[in-house]
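J.: just coords:
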Ligand code: SAH
Ligand code: MG
């Protein structure tokens, strides 16, 4: 962390999410890779700015980001897709605990097997599942995004390792895959995309009208 980051971390930027603290602690204890504080504030503000009504999230885990999105914007409906049974059970319990279960629908499926109903239109899609599969998720769900809608993809810098030569072969395979996604998404001419160094690196892609 450089000095400015330390200073920012001392400000109450994340105060809005204090209600999520127990979930954050749970995720830390069990090494569940939930969204970074500033990343959550970013998607919350994008959701408010765009007055999103219908959000699709790929990768629920324990429901942390979905609850954060539901709490930030009371008029939003969220569909969130998770393939892991343990995570599904935890997420459902948390949606009840945090009183958002009426607005957050959990799809218990592998996202690569999930097809939204034909007339579904999302305002915002948040891709945060298997890091090597982001392009497949982008291609699969982009047709359900309204013109002017937004796709945010998380973990595009992967702990600062993307763009470097990581010593481990496995990590290198993953960072190469992420680099391929970054090139892919920046090259989609039907989207206006920027990659931001927020949290673990996030792209913001606006679908052209
Ligand atoms: N969005 C959450 C974190 C998600 S972690 C948050 O910030 O709070 C990534 C999750 O994606 C894991 O729980 C993993 O099981 C799930 N996942 C990975 N690949 C998936 C797939 N193909 N379909 C559905 N879920 C997937
Ligand atoms: Mg993530």
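T.: Thanks, I have it. A quick note: this is a predicted structure, and the numbers were derived from the prediction, not measured. Numbering: from 1, shown residues only. Ligands and ions are numbered 1, 2, ... in the order given.
J.: give the contact list for residue 120.
T.: Residues in contact with residue 120, defined by Cβ atoms under 8 Å, 6 or more residues apart in numbering, are 54, 144. Any C-beta I mention is one placed from the backbone N, CA and C, and that applies to glycine too.
J.: Flag every residue of the protein that's near ligand 1.
T.: Proximity of the chain to ligand 1 (Cβ under 6 Å from any ligand atom) is limited to residues 33-35, 59, 61, 64-65, 81-84, 87, 110-112, 128-130, 133.
J.: got a list of what the residue of the chain found nearest ligand 2 touches?
T.: Closest approach between the chain and ligand 2, counting by Cβ to the ion: residue 154, at 3.6 Å. With contact taken as Cβ under 8 Å, 6+ apart, residue 154 is in contact with 35, 39, 126, 127, 128, 199, 200, 201, 202.
J.: Now list the buried members of the residues you listed.
T.: Using 16 or more other Cβ atoms under 10 Å as the burial test, those include 35, 39, 126, 127, 128, 199, 200, 201, 202 as buried.
J.: Just the buried positions in the longest strand seen in the chain, please.
T.: For the chain, the strand with the greatest residue count under DSSP state E is strand 145-153. Applying a neighbour-count criterion of 16+ other Cβ under 10 Å, one finds 145, 149, 150, 151, 152, 153 buried in strand 145-153.
J.: Count the neighbours of the closest residue to residue 201 other than its chain neighbours for me.
T.: For residue 201, ignoring the flanking residues on the chain, the nearest one in space by Cβ to Cβ, 6 or more residues apart in numbering is residue 157 at 2.9 Å. Each residue near residue 157 was counted by other Cβ atoms under 10 Å, and the total is 21.
J.: Confirm residue 157 sits in a helix?
T.: No - Residue 157: not assigned to a helix; according to DSSP: H, G, I helix; E, B strand; the rest coil it is coil.
J.: name the element residue 52 belongs to?
T.: Secondary structure assignment for residue 52, by DSSP states H and E: no helix or strand.
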